[in-house]
Each structure stands twice: as structure tokens, then as C-alpha cells.
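> Compute the structure for the input listed below.
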Amino acid sequence: MARLRPRRLGLWVLGGVAALAVLAAGGTWIYIHVIEGPAPAPLSLNSSISASSGSASSGSASSGSASSGSASAAGVAGTWRVTSGSIVGYRVDEVLAGQNSVAVGRTSSINGSLTISGTTVTAASFTVQMATIHSDQSQRDAQFNGRIMDTAAYPTGALRLTSPIALGGVPASYVIKTYEAAGNLTLHGRTRPVTFTLRAERTTAGIEVSGSIPVLFANWGIANPSFGSFVTTQNHGQLEFLVKLAR
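Residues are numbered from 1 along each chain as shown. Now for the predicted structure:
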């Protein structure tokens, strides 16, 4: 059998390396897009009856239908506490072995309450047990609980409203309205002021609120989730929530 010439042997080696690279990339694509499937959709309100939305600034209500009088105001006044069905978590864009992906982790371990006086939200405070946040990947969760969030040292995250939110009239049930909120967000042992948009809806069971808060990791001293050159992420993510409240 004739021996392969060095040049031809080199071409075979390069071809083999290229083929392995294609197979690795293809395998990652198949895993992300076929086996793992798409990331969960962002948390949001999904009223099956009606949904009117608009914009509001400085805590005022968005334009919408069905503002009601003092009877409805009395109906929402009081303290509302987190109930079952509430979810909070993170959403971060990442690149896994050259393939775009979205990392999502969530928990239902939420405690807290919201207080309404008349037609104004005067107080709200929520806490989350950080170690209960899980994604679809155990390796990702290990990194989250360890070097990224250090949940042993900083077991809770918290959000506290720092400015009242004027409802501008109480909407009818199943009318979604949009508000601007300001609060203090505590993550990784650090507290920073945040402003964010939220959407709220009255239901037959109580009140539901959803929204997301942009989180620049460096502002909270959080390590970038990137892991070597295999997994790289942006320097920011989203804290998203869907909170259900009952009396």
C-alpha cells in the first residue's frame, strides 16, 4: 500500500478537524433547537376576556376603559398577599458553542404583599429564596447557586416599592392596565434603585401583576454568567415576574 504523502496527510487531518467542528456545531444546534426546544415565553398576563393596554408615566394609570367610582376603590383597598401561581425568575441571552440560546430559570417560592389605600398602591414588598430558582440544566443551576449568585451567602432576593403608584381609577375586571414603578432591588447582597414597567389586571380571584426589570450584573456585583469560551452571555439580563395576589 502506497504511503500518503505528507501534504495529502495534512489535508486529511485538516479535513477531519473541520468535520469534527461541523459535527460539534451541528450537535449543539440539534440539542438547543430540537431536543431542548425553545425557551419558555416571557412571563405575562394573558386575559381571555379583554386586554386594553397603553402607556403611563410617573405612576399614573394608562388610558383604558372602565374606570369606576368609590365602590370599586373600596373593593381593591387593603392588603393583598402573594398566592399560588406566582412565578419569578431570570432570562439571559447566551451563546452555547456558537449557537444562540436563551437561559431561563424560575421559582414559585415567593413571599410578600401589596397595600392599596383608596386608588393608590402605597407599599409593596416581595422576597424570593434564590436557591429555589431552577432552569432546565443542572450544570447551569450549579453555576447560578455557586460562583454567580452565591446563594449560600446571599439566600434571598428582594424588591420593595419606594414610590406610590396612582391607579388613576380602578379598572373593571379583566382590563389590563400599564403603570410605571420605582423600587429597591436587592440581589447578591446589594441594593440598587430600579424603575420598571408593570401590567396589572383584576380577576375574579384577586389581582395579577407582571413585568420585567433589566439587571446589569456589575451593578449588583454579580459575576458574568459566561463559562470559559463554551458558554458566553451578555453583561445583563432580565428579572421577570408574574405575581398573583389575594386578600
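> CA atoms for contacts and neighbours, from now on please.
Will do.
> ok, and the helix or strand in this structure with the lowest average confidence?
strand 67-68 (a mean of 42; mean pLDDT, DSSP states H and E).
> Endpoint to endpoint, stretch 120-139 covers what distance?
44 Å (CA to CA, to the nearest Å).
> Can you check the distance spanned by stretch 96-110, start to finish?
End-to-end distance (CA to CA), stretch 96-110: 30 Å.
> Repeat that for stretch 149-165.
30 Å.
> Would you mark the buried spots in it?
149-151, 154-165 (16 or more other CA atoms under 10 Å).
> How many residues are close by residue 205?
By other CA atoms under 10 Å, the residues close to residue 205 number 10.
> ok, it touching residue 173?
No: using CA atoms under 8 Å as the test, residue 205 is too far from residue 173 to be in contact (10.1 Å).
> which residues are common contacts for the two?
By CA atoms under 8 Å, 6 or more residues apart in numbering, residue 205 and residue 173 have no common neighbours.
> show me where this protein has helices.
Listed in chain order, the helices of the chain (DSSP state H) span 6-30, 70-76, 138-143.
> still on that earlier bit, most widely separated two among the buried residues of stretch 149-165?
150 and 165 (33.1 Å; CA to CA).
> Next, the contact list for the nearest residue to residue 184 once chain neighbours are set aside, please.
Excluding the flanking residues, the one nearest residue 184 by CA to CA, 6 or more residues apart in numbering is residue 193, at 4.4 Å. Contact partners of residue 193, counting by CA under 8 Å, 6+ apart, are 182, 183, 184, 185.
> What is the neighbour count of the third one?
The number of residues packed near residue 184 is 18, by other CA under 10 Å.
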